[in-house]
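**Student:** Build me a model:
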Amino acid sequence: MQFKFQWEDWQKLFFVLAGLLFLGVLFILPDHCHHGDVKCWADWSAYIRVHGLTNIYDSDTDYLPAFHYILYLYGHSRESIEIIYTDINNFKLLMFLFHLGSSYILILFIRILDTREKLPMVIFYLLNIAVLYNTLVWGQVDEIMTFFVALSLYFFIRENPRYAAISYLLAINLKLQSIVFLPIVLLLLLFSYLRKNKKTLLLDIGILVSIQLLIFSPFIIAGKLHRVSNILFHLVDSQPFISANAYNLWYAIVGKDARWMIDSQTFIIFTFKQWGLFLFFTMSFFALLPLFWQVVNRLMYKSDRTLYAPITVLAFGMVPLLFFFFCTQMHERYCHPAIFFLVLYSILSRKWYLGLIASIAYLLNIDGVLKSLKFQNYGVLVFQAKFVASLFLLTIVLCYRELYACARKEGIFRTSF
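**Tutor:** Below you'll find the model as predicted:
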């Protein structure tokens, strides 16, 4: 007779494993990093410490206020400006806590979707080398955004749109890249609020506006809110290159020159940027079509069916991946949030290869740029941009196959006729 762990046992096991992993990271935290990015965290923390939070936009920062609250806490937790710089590698530990949080959200997803026997597979994300590389080696903060976007989807699955919207609002305020999820979030909000009365909707809008004003309040009081809006406009086309080291479609076509070529140059009638946006919006339309159809069924045909979770999870994974692969100006890290949702779908569907291929492609891209793993020869095939781009493309093709297989299985497109 096969022994099966109960949920509580696996929950305890996760916290034990997470605690041991944190202690391990604490003692062997890599001192290698992307020095440019990590120096920004130290510079901005020191600037806030010396000049105050509301003057941060007099520096060279291009991040939104919520992230600077984190830097404020880090900077003021150090005894001096010098220690802010000497301890900056430990800032990775805070990001690692968000990684542990994302991994726990993964367990919550698996629990509510009634797939308890697959709980050991959470290690697929908890120990995912590509994700850990971004957080502990590169020293980037993409896992913060991933955590709050994942939390938002969790609350949507739990049919709690208020907390889902709050979570997504925090993601936006921490990293504007989260805007790529906005169409999906709006569809899910529409789907959720069709069953709620107008008072609930107005109350939730009021809560969101209040939270946003609270985030902006120091800058409003200091009369510097306009500096925040200036950052928003500055972020658009701030690095107008065909690719900022993302091994995507354009890097595969243009080659290394994509890092320096302006995306306003013409490529077959239109510019690279126009082609990128056209392909992204077109492919995103088809990625969101099954989800959109479920919203239409509820709106037009008063369907009582709940959202089919695998389709929603897959859409959350596909959109940032499409954004990364087809748009210009992409950094190598911009597909990071896609890994969480593709791994989650892999666990739920047992199609493990989907998350695995995406993780391998992501790792090859970021280490191909940073070269922290110190392989003897980065000129081999697996590190070539065209090979990595082909892995991303394969992941996208497999995602579409899975997406429409799920849609056919659930009869989503038949329910309207």
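**Student:** Now do the end-to-end distance for stretch 230-245.
**Tutor:** Length of stretch 230-245, first residue to last, CA to CA, to the nearest Å: 26 Å.
**Student:** now swap in stretch 372-380 and tell me
**Tutor:** OK, stretch 372-380 end separation, CA to CA: 16 Å.
**Student:** So which residues make contact with that stretch?
**Tutor:** 30, 32, 133, 137-138, 367-368, 371, 383 (CB atoms under 8 Å, 6 or more residues apart in numbering). Where you see a C-beta, it was placed from the backbone N, CA and C, and this is true even at glycine.
**Student:** and which of these is nearest to Phe270?
**Tutor:** Among the contacts of stretch 372-380, Gly368 lies closest to Phe270 (CB to CB), at 28.9 Å.
**Student:** residue ranges for the strands of the stretch 101-250 of the chain, please.
**Tutor:** 243-244 (DSSP state E, counting those that start in this stretch).
**Student:** low-scoring stretches of it, by residue?
**Tutor:** 114-120, 237 (pLDDT under 70).
**Student:** ok, back up a step: most surrounded residue in the contacts of stretch 372-380?
**Tutor:** Within the contacts of stretch 372-380, most neighbours by other CB atoms under 10 Å means Trp138, with 26 neighbours.
**Student:** Was I right to think that one contacts Asn365?
**Tutor:** No: assessed by CB atoms under 8 Å, Trp138 is found out of contact with Asn365, at 11.3 Å.
**Student:** for the contacts of stretch 372-380, which one is nearest Phe325?
**Tutor:** Distances from Phe325 to the contacts of stretch 372-380, taken by CB to CB, are shortest for Gly368, at 15.8 Å.
**Student:** pLDDT at the closest one, what is it?
**Tutor:** Per-residue pLDDT puts Gly368 at 92.
**Student:** Also the one 10 residues further on?
**Tutor:** What the model reports for Tyr378 is a pLDDT of 85.
**Student:** Let's verify it: helix, strand, or coil?
**Tutor:** When classified by DSSP: H, G, I helix; E, B strand; the rest coil, Tyr378 comes out as coil.
**Student:** how close does it sit to His51?
**Tutor:** Applying CB to CB, to the nearest Å, the value for Tyr378 to His51 is 41 Å.
**Student:** The two: which is more packed in?
**Tutor:** For Tyr378 versus His51, the count of surrounding residues by other CB under 10 Å is larger for Tyr378: 15 against 12.
**Student:** Quick check on the more buried one: phi, psi?
**Tutor:** Dihedral pair for Tyr378: phi -80, psi 10, per degrees, to the nearest 10.
**Student:** And for Phe267?
**Tutor:** Residue torsions, per degrees, to the nearest 10, at Phe267 are phi -140, psi 100.
**Student:** Report the contact partners of it.
**Tutor:** Trp275.
**Student:** and it, what are its bridge partners?
**Tutor:** Counting by DSSP bridges, Phe267 is bridged to Phe270.
**Student:** From Val254, how far off is it?
**Tutor:** 9 Å.
**Student:** so Gly317 sits right up against Glu402, yeah?
**Tutor:** No: judged on CB under 8 Å, Gly317 makes no contact with Glu402 at a distance of 9.9 Å.
**Student:** what's the offset of stretch 258-273 from the middle of its chain?
**Tutor:** In terms of CA atoms, centre = their mean, to the nearest Å, the centre of stretch 258-273 is set 26 Å apart from its chain centre.
**Student:** err, stretch 288-305, not the other one
**Tutor:** Using CA atoms, centre = their mean, the offset of stretch 288-305 from its chain centre is 26 Å.
**Student:** So which of Gly317 and Glu402 has more stuff around it?
**Tutor:** Gly317 (29 against 21).
**Student:** Alpha carbons only: can I get stretch 80-88 in CSV?
**Tutor:** Output of stretch 80-88 as CSV, limited to C-alpha atoms (Å, rounded to 0.1, in the frame of the first residue of the first chain):
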residue,chain,number,x,y,z
SER,A,80,26.5,54.0,7.7
ILE,A,81,26.7,54.8,4.0
GLU,A,82,29.9,52.7,3.7
ILE,A,83,28.1,49.7,5.1
ILE,A,84,25.3,50.1,2.6
TYR,A,85,27.9,49.5,-0.1
THR,A,86,29.9,46.8,1.6
ASP,A,87,26.7,44.8,2.6
ILE,A,88,24.8,45.3,-0.7
